[in-house]
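**Q** could you look at this predicted model? Sequence included:
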2 protein chains.
Amino acid sequence: MLIQVPEQGTLADVAAHRLAHSIVTGELAQGQKLNEAELAERFGMGRGPLREALRHLEGMRLVTRIPNAGTRVVVLDRKTLSDIYGVREALEGMACRLAATQMTDEEIAKLSKLLDSHEEQIKKVGGKVYSQSERDLDFHFQIARGSRNEMLMHMLGSEQYQLLRMCRYRTSRKATRTKPALQQHRQIVAALEQRDGELAELLMRRHIHGAWKSISEMIDKEEEEAA
Amino acid sequence: MLIQVPEQGTLADVAAHRLAHSIVTGELAQGQKLNEAELAERFGMGRGPLREALRHLEGMRLVTRIPNAGTRVVVLDRKTLSDIYGVREALEGMACRLAATQMTDEEIAKLSKLLDSHEEQIKKVGGKVYSQSERDLDFHFQIARGSRNEMLMHMLGSEQYQLLRMCRYRTSRKATRTKPALQQHRQIVAALEQRDGELAELLMRRHIHGAWKSISEMIDKEEEEAA
DNA sequence: CCCACTCCGATTGTCGACAATCTAGGCGAA
DNA sequence: TTCGCCTAGATTGTCGACAATCGGAGTGGG
């Protein structure tokens, strides 16, 4: 559901998806320079479509482009991540508030079932935490869809979504706080079931704020280790 | 300050700015199909750079692209505008809250002076209301900058900003509520001066909510006239 | 009369080559 | 030695032409 199949459409679209994947997974390191000719050959296409793909990624803020100096993979420093989580707190909070009145009972039930399968997976294995991230993002995305606000869905889905995944790949290897996160997700769904938008927003904001605090500490430790 | 000079850099950037301008001013009608060859010739460039520009505008949500079927100017229907204003309420509210603690005294003073010149212009002429819109947007953009949140600035500046301007062009010919808006701007600046983030957020949210209500009614009237 | 098929023009998608620009390294002078 | 200049290579920006695809007019059959 999360991984869209872009193997149709223009070559530029395919290239954009493949590049986005490579960037998110870290296959292309942060700050790395992207050589157009090299990438074009690797993808088996001309430089035209590839340049269009880079423009697309630029709009998605996955790469930074400087005229006559090439494009580079974006660097997720502490400030950038902080900004992202701040915006996400506002937007996802809003999404929750709207979703509480806009989602159908079926959608909410589906959300609850998503958490069930999530919980099951946690009990089963501890090593496959990565998958948790994907599911977590899926949870958040479903709520964004529930808001029925196209602009909101686009911002949380297409744009921030990729940056978030990127961030997850950096941090998800370490022990994450999957259990408290699941608990918070449950609370949010409960609020949605009660159609309590205000509470749902509050819980989501607190959830994201906590996630940022956790990640922030993780970054601190990494910096200490590096130093 | 608002109108960036893009007459430097790549042709694609120039084309993107010129196209954005044409779309925002209504020179290119909503829903109109954009012919690549025709536009390329009009701008005196090849189709390559122009296609890159279209990709850029696509990311900015100013145009919609369908593979093998061309790109069209976005259509701002009621639902889309409603969504935009909803998101703006959340984001600009957040910007205000942050700006109350992040902006320097000089910046706030500058903001106040901006409103002075704004007021003066209102007294002078009634016909030049369009300029009011630009100044209004400038006011909002300065607050977004004051938040010190890059992601927020980008979302409110580069993306929504263009769509908003587009909307303004549609509605600003009619009598607008410049005076109450100015009054609300004053209140917001006062809250910023007092470093009261919560109040500033509340006032901004109310301001935007009111603006949407006003525009919504205007759309209703237009639809009545059309029917 | 209406539907489906076919063909053609127009438009988009793609490629390869050329021009403009930047970067790195060597060379010479202070 | 170090600074600045200059050349050479690589990389980006741009263009024109070709291939692929789509929409619509026209036509034939039911």
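**A** Received it, and whenever you're ready, just let me know what you need. Numbering: from 1, shown residues only, chains lettered A, B, ... in the order given.
**Q** what about the strands in chain A?
**A** In chain A, the segments counted as strands under DSSP state E are A:33-34, A:63-66, A:70-73.
**Q** show the average pLDDT along the first one.
**A** By that I understand strand A:33-34. Averaged over strand A:33-34, pLDDT sits at 96.
**Q** does it reach DNA strand D?
**A** Yes: Strand A:33-34 reaches DNA strand D (CB under 7 Å from any atom of the strand) through A:33-34. Just so you know, the C-beta spots here come from the backbone N, C-alpha and C atoms, and that holds for glycine as well.
**Q** who does that strand touch, helix- and strand-wise?
**A** On a contact count with 3 or more CB pairs under 8 Å, 6 or more residues apart in numbering or on different chains; DSSP states H and E, strand A:33-34 meets strand A:70-73.
**Q** what's the weakest-modelled helix or strand in chain A?
**A** Sorted by mean pLDDT, DSSP states H and E, the helices and strands of chain A end with helix A:160-171, the least confident at a mean of 71.
**Q** pretty sure A:Val75 contacts A:Gly31?
**A** Yes: counting by CB atoms under 8 Å, A:Gly31 is a contact partner of A:Val75 at 4.8 Å.
**Q** okay, now the residue in chain A that chain B sits nearest to: neighbour count?
**A** Going by CB to the nearest CB, chain B is nearest to A:Gly59 of chain A, at 2.4 Å. Neighbours of A:Gly59 under the rule other CB atoms under 10 Å in any protein chain shown: 21.
**Q** gap between it and B:Glu52?
**A** Separation of A:Gly59 from B:Glu52 (CB to CB, to the nearest Å): 11 Å.
**Q** hang on, A:Ala144 packs against A:Glu150?
**A** No: look at A:Ala144 against A:Glu150 with CB under 8 Å: they stay out of range, at 10.3 Å.
**Q** neighbour-wise, which of those two wins?
**A** More neighbours surround A:Ala144 than the other of A:Ala144 and A:Glu150, with 25 against 16 (other CB under 10 Å).
**Q** for the closest residue in space to the more buried one that isn't next to it in sequence, give me its contacts.
**A** Nearest residue to A:Ala144, sequence neighbours excluded (CB to CB, 6 or more residues apart in numbering or on different chains): A:Leu156, at 4.3 Å. Counting by CB atoms under 8 Å, 6 or more residues apart in numbering or on different chains, A:Leu156 touches A:88, A:91-92, A:95, A:140-141, A:144.
**Q** what do you get for A:Gln30?
**A** When contacts are counted by CB under 8 Å, 6+ apart, A:Gln30 touches A:73-76.
**Q** list phi and psi for it.
**A** Backbone geometry at A:Gln30, expressed as degrees, to the nearest 10, gives phi -60, psi 140.
**Q** same thing with A:Gln32?
**A** In terms of degrees, to the nearest 10, the main-chain angles of A:Gln32 are phi -70, psi 140.
**Q** one more: the one 3 residues further on?
**A** The phi and psi torsions at A:Asn35 (degrees, to the nearest 10) take the values phi -90, psi 120.
**Q** contacting residues around it?
**A** A:Asn35 sits next to A:Gly70 when contact means CB under 8 Å, 6+ apart.
**Q** from A:Leu54, how far off is it?
**A** The spacing between A:Asn35 and A:Leu54, counted by CB to CB, is 11 Å.
**Q** now do the buried residues in stretch A:87-101.
**A** Neighbour-count burial for stretch A:87-101 flags A:87-100 (criterion: 16 or more other CB atoms under 10 Å in any protein chain shown).
**Q** want to throw these into TSV with distance to B:Ser22 and pLDDT?
**A** Below are the buried residues of stretch A:87-101 laid out as TSV (distance: CB to CB, whole Å; pLDDT from 0 to 100):
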residue	distance to B:Ser22	pLDDT
A:Val87	30	95
A:Arg88	34	94
A:Glu89	37	96
A:Ala90	32	97
A:Leu91	30	96
A:Glu92	35	97
A:Gly93	37	98
A:Met94	32	98
A:Ala95	33	98
A:Cys96	38	98
A:Arg97	37	98
A:Leu98	34	98
A:Ala99	37	98
A:Ala100	41	98
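**Q** dump those residues into TSV; add distance to DNA strand D as well.
**A** Shown next, in TSV, are those (distance: CB to the nearest atom of the strand, whole Å):
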residue	distance to DNA strand D
A:Val87	29
A:Arg88	31
A:Glu89	35
A:Ala90	34
A:Leu91	32
A:Glu92	35
A:Gly93	39
A:Met94	36
A:Ala95	34
A:Cys96	39
A:Arg97	39
A:Leu98	34
A:Ala99	35
A:Ala100	39
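**Q** just these: which are in helices?
**A** A:87-100 (DSSP state H).
**Q** which one of those residues is nearest to B:Lys221?
**A** A:Leu98 (27.1 Å; CB to CB).
**Q** measure that closest one to A:Tyr161 for me?
**A** 18 Å.
**Q** do the same with A:Ala100
**A** Noted for A:Ala100: a distance of 22 Å to A:Tyr161, by CB to CB.
**Q** try A:Leu182
**A** Taking CB to CB, one finds A:Leu182 at 20 Å from A:Tyr161.
**Q** close to chain B, is the longest helix along chain A?
**A** Longest helix in chain A, counting residues (DSSP H): helix A:197-226. No: using CB under 8 Å from any CB of the partner chain, helix A:197-226 stays clear of chain B, with a minimum separation of 10.1 Å.
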